[in-house]
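A.B. asks: Next come a sequence and a model predicted from it.
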Amino acid sequence: MWEEAGWTFCVLDDAILMQGQAVFAQEETVGIIFLAGISTCFLMIFTLCLFMVGIMIVRQQLQFGRQACSTTGVIVDFNVRRVRRMGRGRSRMVVVFHPVIQFQRVDGLFAGQQMTCELSIGSYPPLDRVGKRVPLLYIPSNPQGAQINTFRWRWFGVCLWFLISLVGLLMAFGILSSIWR
C-alpha cells in the first residue's frame, strides 16, 4: 500500500485498488499489452515492407546507372500535368511540371541523333529552368526513359523513402522494448 497525491493505492493479486475501488485489473493489463504488441508488430511489418521496396528501388537505380550512357541535355520546356490529390476528405487539383529535355545520343550507330523526351518525374515548383544544361543518363534501347543525373533527381526520393521507413522501424522497436520490459 502506498499514498500518492492524496490517493491511497493497494496492490492485490489481480488488481490495483485506488481508494478501495479496482482501477485496473490484471486481465485488462494483459489484454492492452497484447493489443499494443500486435499493432506494433503490424507497424514493424509495414515499415519492413517499405524498407524492402526502398532496397528494390536502389537496386533498380544502380542497374540503370550501369547500363546507361552519359551525356548532357538542355531543358527546353515543361509539360504541365494536373493531378488530382486526396487530402482531408476532399480532392484538389495539383500542378506538376515535367521537364522536357533535348539531347544528342552518344551510343553506337545512333551517335549524334537528336532526341527529345519528357521525364516521368515532375515537381512543383519546377526544380530547374528552361535553358539549363543538365547531366543525363539514358539506356540506348530506351532513350525516352532518360533521367537527370543529379542527387536531387535520382536519389533524394529514395533517401526520403528510407528515412520514413527507418523512423517507423525505430518507433516499432521503441514501443516493443517498452512493452516487454
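C.D. replies: Sure thing, it's come through.

A.B. asks: so how many other residues sit close to the nearest residue to I164 once chain neighbours are set aside?
C.D. replies: Residue nearest to I164 in three dimensions, not counting chain neighbours: L50, with 6.7 Å by C-beta to C-beta, 6 or more residues apart in numbering. Placement of C-beta: from N, CA and C, glycine included. By the criterion of other C-beta atoms under 10 Å, L50 has 17 neighbours.

A.B. asks: For L50, which three-state class applies?
C.D. replies: helix (DSSP: H, G, I helix; E, B strand; the rest coil).

A.B. asks: can you pull the contacts of the residue positioned nearest the centre of the chain?
C.D. replies: Closest residue to the average C-alpha location of the chain: W161 at 2.8 Å, with C-alpha atoms, centre = their mean. The neighbourhood of W161, defined by C-beta atoms under 8 Å, 6 or more residues apart in numbering, consists of L50, V53, G54, I57.

A.B. asks: again, 10 Å this time
C.D. replies: L50, F51, V53, G54, I55, I57, V58 (C-beta atoms under 10 Å, 6 or more residues apart in numbering).

A.B. asks: In strands, which of the residues you listed appear?
C.D. replies: Assignment to strands by DSSP state E places none of the contacts of W161 there.

A.B. asks: Can you say which of the residues you listed are buried?
C.D. replies: L50, F51, G54 (16 or more other C-beta atoms under 10 Å).

A.B. asks: thinking again about what came up before, counting only helices, which of the contacts of W161 make the cut?
C.D. replies: Among the contacts of W161, the members found in helices (DSSP state H) are L50, F51, V53, G54, I55, I57, V58.

A.B. asks: now the second one, nearest residue through space, not along the chain?
C.D. replies: Closest residue to F51 apart from its sequence neighbours, by C-beta to C-beta, 6+ apart: S165 at 4.3 Å.

A.B. asks: got it, and the last one?
C.D. replies: With C-beta to C-beta, 6+ apart as the measure, V158 is the residue that lies nearest to V58, at 5.9 Å, once sequence neighbours are left out.
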